[in-house]
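Asker: Fold the following for me, if possible:
(3 chains)
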Amino acid sequence: MEKTLIIIDGNSIINRAFYALPDMSNSDGLKTNAIFGFVRMMFKIIEDYKPTHMSVAFDKKAPTFRHKQYADYKAGRKKMPDELGQQLEPLKELLDKFNINRLELEGYEADDIIGTVAKLGEENDFKVYIVTGDKDAIQLASHKTTTLITKKGVGEVEEYDYDSVVERYEMTPTQFIDLKGLMGDKSDNIPGVPGVGEKTGIKLLKEYSTIENLIEHTEELKGSIKKKIEENKELALMSKELATIIRNVPIDVKLEDLEYGDYNKDDVIEKFKEFGFTSLISKLLDMDGGETTIKEEINLKIQHLDDAENFIKKAEENGHVIIDVIGKEGNILDKKILYVFLSLDGEEIYYVNEDELQTIAGLLSNSEIKKYGYDLKEDYILLKPYGIELNSMNFDITIAEYLIDSKSSTSYECSAIAMKYLTRKIKSKEDLLGKGAKAKKFDQIEFDELSAYIGDILNTVADVYPKMEEKLKETEMDGLFYHVEMPLVEVLGSMEYTGMKVDKDQLDELKEKFTTIINKLENEIFELAGEPFNINSPKQLGVILFEKLGLPVVKKTKTGYSTNAEVLEKLRDKHEIIDKITEYRQIVKLNSTYVEGLLKIINPKTGRIHSSFNQTITTTGRISSTEPNMQNIPVKTEMGRDIRKVFVADNGCKLVDADYSQVELRVLAHMSGDENMIDAFKHGEDIHSKTASQIFDVDIKDVTSKQRIEAKAINFGIIYGKTDFGLSQDLNIPVPTAKAYIESYFNKYPKIKEFMDEAVESATETGYATTILNRRRYIPEIKASNFIVRNQGKRFAMNAPIQGSAADIIKVAMVNVYNKLKENEMKSKLILQVHDELIVEAVEEELEMAEKIVREEMENAQAMDVKLDVDLNTGDSWYETK
DNA sequence: TATTTCACG
DNA sequence: ACGTACGTGAAATAC
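Answerer: Have a look, this model is predicted:
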């Protein structure tokens, strides 16, 4: 078999990878993007070229013989950024685990080592590939050596062997050295012949082949070229010498030392885990070569549940059961269940069909038997239409993983969790169903394949949960998990299932009204612009405003002119079209996102809207809402607020809407322990007026509305870690004034300053921020050497405990409200949460009781030094509750 | 698929 | 000196 040697230019590839990939870091704050890019590239090369031998060459820091030859060699090169430098050693350690030979030699560059080793390979009849991002290495291409140059970052390579070089450039590879001698190289600071560039260089070499020959025949040249060459003979020769990769460096290397493939995959996996490269582990396991102790096949016994009674008995003894319910896609209220899979140990897997659900209904609703699973909320919702309540949902691995790492790079896909915790490769949903438009549905998959997929999930749950539980205990998040997040699964499931009633007729009316206004505005805008265009296109709008109408450019985006609301506000005096556009934008937004968006998504069966509430999205602990997003329904403008009129209570019901007053500032007051702010809340003072009176040193009775507005901006700004500059922009005041305001704020609320400093300090030390209930957010940014990123990390550290604690508190309130309504066997339902607001659809007979429950549970969700204050309103529509 | 804009707390 | 407020999701256009 032909032997294949691959030599990688380590510095070149890690450099390319660093600049091509976005910032990444592991949980220790180590930057990993360049290592990741390097490995991904290396894997691709190994797969494509199947090397028998490999080596990676690195530059040494010390000056090389070229520096001695020419003092200015590579002068003016920027220093390697620290974010890249810190990744070099870890990469080398990783290569050692791969048992891939590394070469470096004092006084020589990686190129020279590569040239020398390539030559050695050629002499021994190897097929040689050189991998680099540097075109200089094209000079090494030959009939036996192919140079692979990365393009598009590090995703692809271009092949250069002798023939393809000659074909492309009409030059031999070695003539590239002469070419560089003539034209020089800016990046290496090789001078070349002044005034000779690529075109002239190629022309000369076509005629004279080499610099030496060219110099011998200068008399044949004409005009300025003749002069240039004659005057710079020495410079040309020296440049050529500098550009020549030498192929006989004194390095002691034998080809048998370069053999590739004998390594221990377990060791490599260890490293990958350290770097957080979950996705690469799975690729590694697929690759040829290497040894591993990881067992690929797990023997699952999948069988129909014939004896439900016996299984239930065993489940009772066991105390828990692992479950996964598989349904067809469809309307939330009647997604048909295909199968329910159950297991006690994750190895013996049982299933029942839809028509046998009743045989296990008792098991599912039995509160004494804990349910473990993957995405239990989905299972809960699927079972609801069958009248089966999935009780005692106790361990959901997606929720646990979210707490363990709220911005886990691996996502919460089960296959990723299996890889991360078990180093076990199982099919992902995408592997099973395909992706994009061609993706299949569960009911289009053969049962054997489907059951194997589900079996893997149950098996993963069985093996992962003890590890996750341990991790949750270790990080003191087990309380948060078992008492807040897991109970919340049912709450959110119930909210989705219940939904919120929408008055479709009103929505239709709004659509008509908005469409009329939009058409009118559109015509007026076209008239003012002098031509029709797409107003929704920022690009076309930019051309009209800034080129045709000649308005001044206020701000640019990376693709063109900015036309956002802030920019338009600054231009409104300059042209009457601006106000029309602002109004047009506003109404189009309301119409397309809300009116049309909501119409599309009303459930035909219930006439209600069933948003999805996601518990594993945000980095801070908040929940998010999709399809539709019920958390950004307009409220700030009168016209927008009209949208809320369509959200109504069902017949015989009222909407009870309760929101926390200043919950984040109260959290801040409590967590910081600042007496002054705590006092303000204790006395029921208006916190913004109080702050204004403090900053501006006036009596609280004499605070002007302008002062209050400014104080409000400062109060909120503080929560986000706002700077004096930002505040000055917002309030349109000079920076020093803003600075004085902030200083004065911290003087009056000294413990808040201490709290912020302490938050940053502790996050810097531990790498994470924590909330009242011990929720964690990892902040690798806080260790960045880049000032901008590091400052951003500090703001995360200041904001996460506040926003996160507020999220903790309302989650507790939700669980308690839900449970109280349930305990009292009330028909009233919690249907919505908007970060600091809860909405209950209360049947009229229960109204008073529901109001009392909501208020009490919200007020008492968390004991703090400041009490939680709740504003509660009841009405027939969401609009009326404000 | 990425970018821009804008709705909310 | 650097850039400058946290957390989301949806729609539309342009590539």
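
Asker: Low-confidence stretches in chain A?
Answerer: Within chain A, the stretches with pLDDT under 70 are A:75-76, A:78, A:152-155, A:295-297, A:408-411, A:437.

Asker: and the top helix by length along it, does that touch DNA strand B?
Answerer: Counting residues, the longest helix found in chain A (DSSP state H) is helix A:787-823. Yes. Using Cβ under 7 Å from any atom of the strand as the criterion, contacts between helix A:787-823 and DNA strand B involve A:Gln803. C-beta coordinates here come from the backbone N, C-alpha and C atoms, glycine included.

Asker: Give me the buried positions along that helix.
Answerer: Neighbour-count burial for helix A:787-823 flags A:792-818, A:820-821 (criterion: 16 or more other Cβ atoms under 10 Å).

Asker: quick one, helices of the stretch 151-300 of chain A?
Answerer: Ranges of helices in the stretch 151-300 of chain A, per DSSP state H, counting those that start in this stretch, are A:162-169, A:175-183, A:198-208, A:211-216, A:223-231, A:233-243, A:265-275, A:278-286.

Asker: So which elements touch the shortest one?
Answerer: Applying 3 or more Cβ pairs under 8 Å, 6 or more residues apart in numbering; DSSP states H and E, we find helix A:211-216 packed against helix A:175-183, helix A:198-208, helix A:233-243.

Asker: One more: the first one?
Answerer: When contacts are defined as 3+ Cβ pairs under 8 Å, 6+ apart, helix A:162-169 sits against none of the other helices and strands.

Asker: Give me every residue in the stretch 751-882 of chain A lying close to DNA strand C.
Answerer: Residues of the stretch 751-882 of chain A lying near DNA strand C by Cβ under 7 Å from any atom of the strand: A:787-788, A:791-792, A:795-796, A:799, A:803, A:835.

Asker: how close does the nearest residue to A:Asn264 once chain neighbours are set aside sit to A:Met54?
Answerer: The shortest distance from A:Asn264 to any residue other than its chain neighbours is 5.5 Å, reached at A:Glu291 (Cβ to Cβ, 6 or more residues apart in numbering). A:Glu291 sits 17 Å away from A:Met54, taking Cβ to Cβ, to the nearest Å as the criterion.

Asker: Also A:Asn33?
Answerer: From A:Asn33 across to A:Met54, the span is 23 Å (Cβ to Cβ).

Asker: Give the residue from those two that has the larger number of neighbours.
Answerer: Between A:Asn33 and A:Met54, counting by other Cβ atoms under 10 Å, A:Met54 is the more crowded of the two (25 against 19).

Asker: and that one, that one's in a strand?
Answerer: Yes. Counting by DSSP: H, G, I helix; E, B strand; the rest coil, one finds A:Met54 located in a strand.

Asker: Give me the nearest residue to it, chain neighbours excluded.
Answerer: Nearest residue to A:Met54 in three dimensions, chain neighbours excluded: A:Tyr260, at 4.0 Å (Cβ to Cβ, 6+ apart).

Asker: related to what we said a few turns ago, and the longest helix of chain A, how far from the chain's centre?
Answerer: 19 Å (Cα atoms, centre = their mean, to the nearest Å).

Asker: for stretch A:412-431, same thing?
Answerer: Centroid separation for stretch A:412-431 versus its chain: 18 Å, with Cα atoms, centre = their mean.
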